[in-house]
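[1] Okay, predicted coordinates and the sequence, questions at the end:
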Amino acid sequence: MNSSRKTAGVTLVLTVLMVMFLLSAIVIVTSQLALSARRSAADQESINQAQYVAESGIARSQARLNLISDLLSSDLTIPANTLSSTVLTDVLNLCGLSAVPATLTNNILCSDTSATGNVLASVSPGSSQLSLFTDFLTDTNFANRGYPVSGTSAESQFWAENFAGKALNDSAGSGTFATNVGLKLKQVKMLGPDTYQMLFTLPDVSSTSTATDSSKRSVKVAAVNTTYTLNINRGSFA
């Protein structure tokens, strides 16, 4: 009888210990799963934040390209009373020339058609290469497009940065981004008196972001139209 009670007592103790062990294991596993879930949620939030910041950079580049397009295609006009020699000088300056070459092949004044070429790759603010844009685009044109600048120096800075492809660095949300923007001038043609044509290429736009926890994301958008033609004419006296 006593032996049976002892055996039952030992069995009860072992059962209790086993149940306690299983409960402890369940608690540990549950805690680990909860911690893993919190980490996964935090990681996903960081990834989403970095993605948002990178896409903000893309949006910033697209807005800048739209501004450039509006300024060049709609606002860049040469008054009819402008001397032909003034327009020619500005175009020659754009190409880095002092005079029209004696012989023009296919009416080309200057070109850099290599894969990464850009006639204005090394242009700097204040350069005479930008005079065509600073002479005929004013602060008013910029202000009307929602991008106020003040003075020729600021205008020149804008064009130098965008033609040379300077990176845009800014913040969005709780992170920072670096994105590229700009047009590459590939060719300038002299089609006739007071008539010129510029050929630009538009590179793909990319943006790299860094969130506050150092999470990084990169976004790239391919250009739909990779070439852009701009015709320059002196206004008619009519």
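    Structure's in. What do you need?
[2] In contact with the nearest residue to residue 108 once chain neighbours are set aside, which residues?
    In space, and not counting its chain neighbours, residue 108 is closest to residue 189: 5.6 Å by CB to CB, 6 or more residues apart in numbering. C-betas here are computed from N, CA, C, even on glycine. Shown here is residue 189, whose contacts under the criterion CB atoms under 8 Å, 6 or more residues apart in numbering are 106-109, 196-199.
[3] longest single strand anywhere in this structure?
    Ranked by residue count and defined by DSSP state E, the top strand of the chain is strand 184-192.
[4] Please point out which parts of the helix or strand following that one sit buried.
    As assigned by DSSP states H and E, the chain's next helix or strand after strand 184-192 is strand 195-201. Neighbour-count burial for strand 195-201, counted by 16 or more other CB atoms under 10 Å, picks out 196-201.
[5] Residue 49 against residue 175, yeah?
    Yes - between residue 49 and residue 175 there is a contact under CB atoms under 8 Å: 6.2 Å.
[6] Which of the two has more residues huddled nearby?
    residue 175 (24 against 20; other CB atoms under 10 Å).
[7] Spell out the residue ranges of the helices in this protein.
    Using DSSP state H, the helices found in the chain span residues 2-70, 84-95, 131-136, 139-144, 151-163.
[8] Can you list the buried residues in stretch 138-158?
    141-142, 149, 152, 155-158.
[9] so which pair among the residues you listed is furthest apart in space?
    Within those, two members stand farthest from each other by CB to CB: 141 and 157, at 15.4 Å.
[10] any idea how far stretch 141-151 is from the chain center?
    20 Å (CA atoms, centre = their mean, to the nearest Å).
[11] who's in contact with residue 98?
    Per CB under 8 Å, 6+ apart, neighbours of residue 98: residue 92.
[12] Repeat that for the one 10 residues further on.
    Each residue near residue 108 by CB under 8 Å, 6+ apart is listed here: 187-189.
[13] Reformat the residues you listed as TSV; add pLDDT and distance to residue 226.
    Listed next are those as TSV, based on pLDDT from 0 to 100; distance: CB to CB, whole Å:
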residue	pLDDT	distance to residue 226
187	94	14
188	95	18
189	95	19
